[in-house]
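[1] just the structure for this:
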Amino acid sequence: SEIIAAFVERGIKLCVQGGLIGAISSRTPFYQVSTSQWRMDVVIPSNISLFVELGGGVLDSAMVETVMYVLGCGRNDAPAVFSVSSAEEFQKESRILKNSSEQLFAVDLRRFHVIPGCPFAYWLSPIMLACLESLPTLEDVNIKVRVGLQSGDDFRFMRLWWEVPGNLDGWVAHAKGGENSPYYSDIHLVVNWDGHGHEVKAQPSVRLNMYSGVNPGLYMVPVLTFSYRTFRFSPAILPGNCIAGVAGMGVFTDSFDLNFLSAILNSSVANSFISARLNRREMESLYQAGVVGPTPFASFSEDAKKEL
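    Modelled structure (predicted):
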């Protein structure tokens, strides 16, 4: 993503005033958290006039989704045209301006500034943009999305639960992602936590992440967990006496009931907000803490919470 960003920025600098440059690249830098400053400082001021989603299978065997776009040198306040197409459709004929209105979006690029990180979420409705601008995020209301334990040597420290003694003496359940499983996930792994994780902590490459500064053995409260790589954000309740991981991150809060929170975060509305920061549209996406954390969160009445 950084290489793409560098080439695009250099191309813009080489353009004469009023000139244009075109490119076909991965769509990742237009959504990834690490390239947010590039979008704000380089791309939006340069004005993208055309942005076409081509999907996968374009750049030979590269497992990326691609976009084709045209940028200009010099500010133009005309809205950009975003098109959801495919490589096959585009090769057959010039379909960009023949697509249905459901596939074409005319967008003022400045509206992306209301979305944390300025991802190019051109499909969001004005109502959703207003929510992003006015509502607090999950982090603001004490709902923390965090990476958990990274052992550094899973083959050494982890087992399937039926591979260890029946009383699980010295072993603790461990969430490590897996298949998409909303609301409930069968935790089938355990981690060696004998002596409060003494052996794991001695591993040079171990990362306690959110457990740094606290003892995971004393901080194993019920939380939500979700798969890192999947097609949809679908958190499940992780019972107490379990440790969250990297591919099975944790959503920690002591302010909200987990049943209520899982209902909200499994909803299509929450997924629509989260999708604004995903770097893939068709393939499995990476649901990282920085992608989920900025999701807006509305207030609910007590009756609504109970109903949910």
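[2] the helices in the stretch 101-250 of the chain, which residues?
    Per DSSP state H, counting those that start in this stretch, the stretch 101-250 of the chain carries helices over the ranges 126-134, 154-157, 194-202.
[3] now those in a markdown table, with distance to Ser181, mean neighbour count and mean pLDDT?
    The way it works is simple: take the backbone N, C-alpha and C, and place the C-beta from them, glycine included. Listed next are the helices of the stretch 101-250 of the chain as a markdown table, based on distance: least, CB to CB, whole Å; neighbours: other CB atoms under 10 Å; pLDDT from 0 to 100:
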| stretch | distance to Ser181 | mean neighbour count | mean pLDDT |
| --- | --- | --- | --- |
| helix 126-134 | 27 | 14 | 89 |
| helix 154-157 | 20 | 14 | 90 |
| helix 194-202 | 26 | 14 | 84 |
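[4] closest to Gly245 out of those?
    helix 154-157 (9.3 Å; CB to CB).
[5] contacts for the closest one, please.
    Contact with helix 154-157 is made by 151, 176, 191-192, 199-200, 203, as judged by CB atoms under 8 Å, 6 or more residues apart in numbering.
[6] filter these down to the buried ones, ChimeraX style.
    To isolate the buried members of those in ChimeraX, using 16 or more other CB atoms under 10 Å:
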select :151,176,191,192,200
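[7] rebuild the helices of the stretch 101-250 of the chain as TSV, extending it with distance to Phe297.
    Converted to TSV, the helices of the stretch 101-250 of the chain look like this (distance: least, CB to CB, whole Å):
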stretch	distance to Phe297
helix 126-134	10
helix 154-157	33
helix 194-202	33
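[8] nearest to Cys242 among those would be which one?
    Taking these one by one with CB to CB, helix 194-202 is closest: 13.7 Å.
[9] what's the mean pLDDT across the helix or strand harbouring Val67?
    Secondary structure assigned from DSSP states H and E places Val67 in strand 66-72. For strand 66-72, mean pLDDT is 87.
[10] counting contacts, what elements does that strand pack onto?
    Helices and strands touching strand 66-72, by 3 or more CB pairs under 8 Å, 6 or more residues apart in numbering; DSSP states H and E, are helix 2-14, strand 20-26, strand 48-55.
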